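Engineer: Have a look at this prediction, sequence included:
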Amino acid sequence: MGENSWKGKRSIDKRKIKSSCRVTVFEKILLEINSFSQLCTYVSCAQRNLTKFSNVFFRESIDLVSSNLFRALPHSSTNAAAAIRFGESYYINRRNGIDDIPFQDPSWPHLELVYRFLSSLLKSPMTDPQLAAPCIKPSFILRLFDLFQSEDRRERGALVSVLQVIYRKFGVHRKLIRSSVFNVFYCCGNEKHNGIPHLLLFLRSIVVEEEDDDDLGVQEEYRLFLVRGLIPLYKSKWLVLFYLHLNSCIQKFVEKDCKLADTVIQGMLRHWPTVGSAREYFFLDGVERVLEETQPDGFQLFMIPLFGRIAICLSSPHLKVAEKGLSLFNIHGNIQNLIKQYLDVILPIIFTDLEESAMNHWRPEIQKLAHDVSNSLIYIDPELYEECLMHLK
């Protein structure tokens, strides 16, 4: 592209920014899509021509994005009601907490291009972080967080990508972003909030990036985040919708600092649900992930109360809970090594419930699974098993 045509294009795109700075009317969506497509092309051309974006251009671009993204969201129609209508077991069987038929915003073709333009602008090496940072006001970031209540999963995914770019490139905004994530968890943990699963993914990603040195462990701020923001989410009545994301995020914390395993397990035990509840499955999934990262010294701190809970799950009338509890004894790797090392403590705790499940559970497949676990434990220490059997009789 020649110099004259490039200058002309810059002039045209400035006009497009100003003309697009209005709330989009859906009937004009094709016109707006065309404008944003050209703006995305403009960002790409600037990079090829090594042309830095001016402060004025960046500020007007943020105004453009704001006027097209920030809007009143419709009242949540939430399929979370399905958790009540079908029961939590419905979600367990599907192995995820995502709605079967996701809501699709009819204006998404336009919104997608707005997010693409914003993301490409933020990522571009032609954007100087020092010049651009003042244009990204705290109010802009806070309004991005408001959009996490969008019913459209695609929009929430786009928001995560944008937040990740802002967090990486504009260090001045990191504290605000972290505190905003914490506020969502702290204030909305027991309310329906569409963005919690995506914000958990975001949090997991920044923990991975910021804690590259394993010797440093998790910073104190993240420890407090774990204790005050994440662990209390286990008592949320909406846990069914984000337990996989929560367990994965917490596993990353423990992976970075194995000493946190005791903090996590003790916190989970405090919030452990009623015996026989499907919610126990969500907790067992979290326990499995934490134990994968636990060292023997830390394991000793909580193994007695933890396996007291697991023992009850082994004979649970809930099929998936009993199955998940028994499966912990068939996992190769770190969990199996921990159980072998402390079997003299663990086996007496679980023995009665294990035998009850093997002999009397109402589901034949659980009986078989319990027998398999018993046989594996007999193989590890036949004398200990025989001793427990004698005490039971």
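Structural biologist: Right, received. Where do you want to start?
Engineer: Please parse this protein into its domains.
Structural biologist: Annotated domains of the chain cover 1-72+99-129, 136-257, 258-393 [automatic domain parsing].
Engineer: how about CSV for those domains, with mean pLDDT and mean neighbour count added?
Structural biologist: (Glycine included, C-beta is placed from N, CA and C.) Output for the domains of the chain, formatted as CSV (pLDDT from 0 to 100; neighbours: other Cβ atoms under 10 Å):
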stretch, mean pLDDT, mean neighbour count
domain 1-72+99-129, 77, 16
domain 136-257, 90, 18
domain 258-393, 96, 18
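Engineer: What segments of the stretch 201-350 of the chain are helices?
Structural biologist: Along the stretch 201-350 of the chain, counting by DSSP state H, counting those that start in this stretch, helices occupy 220-225, 243-256, 260-270, 279-292, 296-314, 319-327, 334-341, 343-360.
Engineer: among those, which is nearest residue 178?
Structural biologist: With Cβ to Cβ as the criterion, residue 178 lies closest to helix 220-225 of the helices of the stretch 201-350 of the chain, at 7.2 Å.
Engineer: packing partners for that closest one?
Structural biologist: helix 174-188 (3 or more Cβ pairs under 8 Å, 6 or more residues apart in numbering; DSSP states H and E).
Engineer: ok, 10 Å please
Structural biologist: Applying 3 or more Cβ pairs under 10 Å, 6 or more residues apart in numbering; DSSP states H and E, one finds that helix 220-225 contacts helix 174-188, helix 196-210, helix 243-256, helix 260-270.
Engineer: if we can go back for a sec, which among the helices of the stretch 201-350 of the chain is found nearest to residue 393?
Structural biologist: helix 343-360 (10.3 Å).
Engineer: Give me the distance from the next helix or strand after the closest one to the chain's centre.
Structural biologist: Under the assignment DSSP states H and E, the closest C-terminal helix or strand after helix 343-360 is helix 364-380. Mean-position distance between helix 364-380 and its chain equals 34 Å (Cα atoms, centre = their mean, to the nearest Å).
Engineer: Show residues contacting helix 364-380.
Structural biologist: 314-317, 319, 321-323, 325-330, 336, 339-340, 343, 346-347, 350-351, 353-361, 363, 384-386, 388-389 (Cβ atoms under 10 Å, 6 or more residues apart in numbering).
Engineer: ok, now with 6 Å
Structural biologist: For helix 364-380, contacts defined as Cβ atoms under 6 Å, 6 or more residues apart in numbering pick out 322, 326, 329, 340, 343, 354, 357, 358, 361, 385.
Engineer: Let me know the next secondary structure element after that helix.
Structural biologist: Per DSSP H and E, the first helix or strand lying C-terminal to helix 364-380 is helix 382-392.
Engineer: re earlier: same list (the contacts of helix 364-380) but as JSON lines, adding distance to residue 261.
Structural biologist: Shown next, in JSON lines, are those (distance: Cβ to Cβ, whole Å):
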{"residue": "322", "distance to residue 261": "24"}
{"residue": "326", "distance to residue 261": "22"}
{"residue": "329", "distance to residue 261": "19"}
{"residue": "340", "distance to residue 261": "18"}
{"residue": "343", "distance to residue 261": "19"}
{"residue": "354", "distance to residue 261": "24"}
{"residue": "357", "distance to residue 261": "27"}
{"residue": "358", "distance to residue 261": "30"}
{"residue": "361", "distance to residue 261": "30"}
{"residue": "385", "distance to residue 261": "27"}
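Engineer: which of those sit farthest apart?
Structural biologist: Largest separation among the contacts of helix 364-380 by Cβ to Cβ: 340 and 361, giving 25.0 Å.
Engineer: got the CA coordinates for stretch 153-168 in PDB?
Structural biologist: Only the C-alpha atoms of stretch 153-168 are listed here, as PDB (Å, rounded to 0.1, in the frame of the first residue of the first chain):
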ATOM      1  CA  ARG A 153     -21.600 -18.000  26.000                       C
ATOM      2  CA  ARG A 154     -19.700 -16.700  23.000                       C
ATOM      3  CA  GLU A 155     -19.700 -13.200  24.400                       C
ATOM      4  CA  ARG A 156     -18.400 -14.300  27.700                       C
ATOM      5  CA  GLY A 157     -15.600 -16.200  26.000                       C
ATOM      6  CA  ALA A 158     -14.700 -13.100  24.000                       C
ATOM      7  CA  LEU A 159     -14.600 -11.100  27.300                       C
ATOM      8  CA  VAL A 160     -12.200 -13.500  28.800                       C
ATOM      9  CA  SER A 161      -9.900 -13.100  25.800                       C
ATOM     10  CA  VAL A 162     -10.100  -9.300  26.000                       C
ATOM     11  CA  LEU A 163      -9.400  -9.300  29.800                       C
ATOM     12  CA  GLN A 164      -6.400 -11.500  29.300                       C
ATOM     13  CA  VAL A 165      -4.900  -9.100  26.800                       C
ATOM     14  CA  ILE A 166      -5.500  -6.100  29.000                       C
ATOM     15  CA  TYR A 167      -4.100  -7.900  32.000                       C
ATOM     16  CA  ARG A 168      -0.900  -8.900  30.200                       C
END
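Engineer: The nearest residue in space to residue 54 that is not next to it in sequence - how many residues pack around it?
Structural biologist: Counting by Cβ to Cβ, 6 or more residues apart in numbering, residue 131 is the residue found nearest to residue 54 once chain neighbours are left out, at 7.9 Å. If you count neighbours by other Cβ atoms under 10 Å, residue 131 ends up with 14.
Engineer: from what I can see residue 131 touches residue 55, true?
Structural biologist: Yes: taking Cβ atoms under 6 Å as the definition, residue 131 is a contact partner of residue 55 at 5.0 Å.
Engineer: how about the helices of the stretch 201-350 of the chain in JSON lines, adding distance to residue 201?
Structural biologist: Below are the helices of the stretch 201-350 of the chain laid out as JSON lines (distance: least, Cβ to Cβ, whole Å):
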{"stretch": "helix 220-225", "distance to residue 201": "15"}
{"stretch": "helix 243-256", "distance to residue 201": "6"}
{"stretch": "helix 260-270", "distance to residue 201": "18"}
{"stretch": "helix 279-292", "distance to residue 201": "15"}
{"stretch": "helix 296-314", "distance to residue 201": "26"}
{"stretch": "helix 319-327", "distance to residue 201": "23"}
{"stretch": "helix 334-341", "distance to residue 201": "24"}
{"stretch": "helix 343-360", "distance to residue 201": "34"}
